[in-house]
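Q: pasted the sequence and its predicted model underneath.
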Amino acid sequence: MSDELTKLTAAELAQLIGARKVSPVEVMEAHLSRAGELNPRLNAIVTFAPDALERAREAEQLVMRGEASGALHGVPVTVKDTIETAGLRTTSGSLLRANYIPPRDASSVRRLKRAGAIVFGKTNVSEMALTYESDNLVFGRTNNPHDLSRTPGGSSGGEAAAVSACLSPFGLGSDLAGSIRIPAHFCGIMGLKPTAGLIPIDGHFPACEGAFALGASVGPMARSVNDLELMFDALNTADEEDKDIIRFWEVDGRRTEWRSLKNVRVAWYADDGVAPVTEETRRAIEGAARALVEAGCVVVNERPPGVEQGFALWLKLFQGATADYVRRVYRNRETEAGAAARAVMRTNAEFRQSDYYSAMNERNHLLSALVGWMRTTPLVVAPVGSVSAFEHGTRKVFIDNGNEQTAPRGEAVNIFRAFSPSQAFNVFGLPVIVVPVLRDSGGLPVGVQLVGRPYDEKLLFRAARVVEEAFGGWQPPDARALSLNGDDEL
């Protein structure tokens, strides 16, 4: 029974708990047992909450009294180790914070708890959320459950690995350069980067303030679109403890209620003008586009305006600010910096106010054109990046783009540029869902981005369900990938 419980979605668990068909204690014990079995191979969950079972027993008592607290009552959840959790160690993968225990929850965590979720673990990240791997001097590296020799991505890689391997039903990540979406793509799960500014991002380290607030988001990661929406609704519900939320958009009170996808115009593209993609990536995008055609959408092959400038603008807006921030945090403690932080500190990048304002003007001009274009094309299908999950320590990927003039291994692309399609939508602050579509020739998941207009998350959920249904959504990692005995599925 315990194995069966860990394979259920969060929505299914919540329903069973509410109907008193299963106890929150049983659900928690099942996930702790699962983590005990598989986490040593994955290193996905790096800190376990010592009071998880106590919280589950309290949740059980509330259910028995008919006092369940919310839509997620009694459901376990994991939280990325950059997001503060009261009384539970939060390191951000940095030796500077190796023993840091926050005094309070981030607003996002508080909202999940208010909905009844029980935080039972923190998941691994790259040092200070700096790279597309989840490896640091505090906890070491996390492995991809589909292939232990490969990364689950970063910086929310531990979260993606935990959810994909059923250690956790769903979890909370964060995203400034694809940090939710790339791990979701690598591990074959769903991930949502909400509209920038929609969900409070206080209690995050590195702090998402100043320049970073423009493109950073916290959001859900799960094995089903229904779970993404369930968690999103909890995250998007304020209470008296929440401060006023600064929004970067004027919300149109006449926003369309998306009752159907019929005749919705959708654009898809595989070439962002920055990084080439594999043929399997192109096939995934075309497949998602066909599924939307079958759902009644009007689908065209067209690249949205401004997308090709997204990568360069990301560097102008955030690279210097990141370097300055890391240097400031590690000042006089440089010996405690890991490889990721040292690499950032060695760059020539620095924040210059005049350059930032110039980039902001360029970004705002392009954003205006993009949002105007999206009035008639409210949905976009795009690649997450050039490739599927790469081997640990990879610095460049080689993409066969069909050009006979390139080297036999294809075009060499550095890892950061390879995910320019993700970074562009941080620059523009748009909501994005990643949905798995197919497996590549090595058996690794390949996902696609579904991009919407500001605050149009509900349209994304509707479209993501179409793609999920067409291609089967999350598929469990092969047991052999984790060196389990026999051929039993995860």
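A: Alright, I've got the coordinates. All of these numbers come straight from a predicted model, not from anything done at the bench. Numbering: from 1, shown residues only.
Q: what about Glu26, which helix or strand?
A: For Glu26, the element it lies in under DSSP states H and E is helix 24-42.
Q: contacts for the helix or strand just after that helix?
A: Using DSSP H and E, the helix or strand that follows helix 24-42 in sequence is strand 45-48. Identification of contacts with strand 45-48 by C-beta atoms under 8 Å, 6 or more residues apart in numbering yields 32, 35, 39, 78, 81, 88-89, 91, 120-124, 138-139, 158, 162, 167-168. The way it works is simple: take the backbone N, C-alpha and C, and place the C-beta from them, glycine included.
Q: now strand 45-48: average pLDDT?
A: Strand 45-48 shows a mean pLDDT of 98.
Q: can you name the element that comes right after it?
A: Note on strand 45-48: by DSSP H and E, the next helix or strand toward the C-terminus is helix 52-64.
Q: now for that following helix, which elements pack on it?
A: helix 10-18, helix 24-42, strand 118-123 (3 or more C-beta pairs under 8 Å, 6 or more residues apart in numbering; DSSP states H and E).
Q: what about the residue nearest the centre of the chain, distance to Ser422?
A: Taking C-alpha atoms, centre = their mean as the criterion, Ile180 is the residue nearest the geometric centre of the chain, at 1.6 Å. Noted for Ile180: a distance of 9 Å to Ser422, by C-beta to C-beta, to the nearest Å.
Q: repeat for Ile201
A: Counting by C-beta to C-beta - Ile201 and Ser422 are separated by 18 Å.
Q: pLDDT below threshold where in this structure?
A: Low-confidence segments of the chain (pLDDT under 70): 1-2, 240, 242-258, 401-409, 483-490.
Q: can we see that at 50?
A: 244-254, 404-408, 484-489 (pLDDT under 50).
Q: longest helix anywhere in it?
A: helix 353-373 (DSSP state H).
Q: contact partners for Arg395?
A: Asn414, Ile415.
Q: gap between it and Asn136?
A: Distance from Arg395 to Asn136, by C-beta to C-beta: 18 Å.
Q: so what does the helix holding Glu26 touch, helix or strand wise?
A: When contacts are defined as 3+ C-beta pairs under 8 Å, 6+ apart, helix 24-42 packs onto helix 2-7, helix 10-18, strand 45-48, helix 52-64, strand 76-80, strand 118-123, helix 157-164.
Q: pretty sure Arg154 sits against Ile182.
A: No Arg there; residue 154 is Gly. Yes: counting by C-beta atoms under 8 Å, Gly154 touches Ile182, with 7.3 Å between them.
Q: list the residues that contact both of these two?
A: Tyr132.
Q: would you map the strands across the stretch 101-250 of the chain?
A: 118-123, 135-136, 140-141, 170-175, 190-193, 217-222 (DSSP state E, counting those that start in this stretch).
Q: how far does stretch 307-323 stretch from start to finish?
A: Taking C-alpha to C-alpha, to the nearest Å, stretch 307-323 runs 24 Å from one end to the other.
Q: buried residues in it, which are they?
A: Judged by neighbour count using 16 or more other C-beta atoms under 10 Å, the buried positions of stretch 307-323 are 307-323.
Q: how about the residue nearest to the centre of the chain, what does it touch?
A: Ser156, Gly173, Ser174, Gly191, Leu192, Lys193, Ser217, Gly219, Met221, Val434.
Q: partners of the helix or strand in which Ile433 is found in the sheet?
A: Assigned by DSSP H and E, Ile433 falls within strand 432-439. Looking at strand 432-439 with DSSP bridges, its partner strands are strand 190-193 (antiparallel), strand 445-452 (antiparallel).
Q: and these as CSV, adding distance to Phe205?
A: Converted to CSV, these look like this (distance: least, C-beta to C-beta, whole Å):
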stretch, distance to Phe205
strand 190-193, 19
strand 445-452, 27
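Q: pull out the CA atoms of stretch 419-428 and give them to me as CSV.
A: The C-alpha coordinates for stretch 419-428 follow below in CSV (Å, rounded to 0.1, in the frame of the first residue of the first chain):
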residue,chain,number,x,y,z
PHE,A,419,18.8,27.4,-22.5
SER,A,420,18.2,30.9,-23.9
PRO,A,421,14.6,29.9,-24.8
SER,A,422,13.9,29.7,-21.0
GLN,A,423,15.8,32.9,-20.0
ALA,A,424,13.8,35.0,-22.5
PHE,A,425,10.6,34.6,-20.5
ASN,A,426,12.3,35.7,-17.3
VAL,A,427,13.3,38.9,-19.0
PHE,A,428,9.7,39.4,-20.1
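Q: chain center to that stretch, what's the gap?
A: Relative to the chain's own centre, stretch 419-428 is displaced by 13 Å; criterion: C-alpha atoms, centre = their mean, to the nearest Å.
Q: list of residues touching that stretch?
A: Contacts for stretch 419-428 (C-beta under 8 Å, 6+ apart): 132, 175-178, 181-182, 193, 196, 214-216, 272, 274-275, 306-307, 309-311, 313-314, 317-318, 363, 366-367, 370, 382-386, 432, 449, 451.
Q: restricted to helices, list those.
A: Arg181, Ile182, Gly310, Phe311, Leu313, Trp314, Arg363, Leu366, Leu367, Leu370.
Q: apart from its neighbours in sequence, what residue is nearest the first one?
A: Translated: Arg181. Val434 (4.5 Å; C-beta to C-beta, 6 or more residues apart in numbering).
Q: confirm for me that Ala369 is in contact with Gly306.
A: Yes: between Ala369 and Gly306 there is a contact under C-beta under 8 Å: 6.0 Å.
Q: the two - which one has more neighbours?
A: Set Ala369 next to Gly306 and count neighbours by other C-beta atoms under 10 Å: Gly306 wins out with 21 against 13.
Q: out of the strands of the stretch 101-250 of the chain, which one sits most buried?
A: The highest average neighbour count among these, using mean count of other C-beta atoms under 10 Å, belongs to strand 190-193 at a mean of 32.
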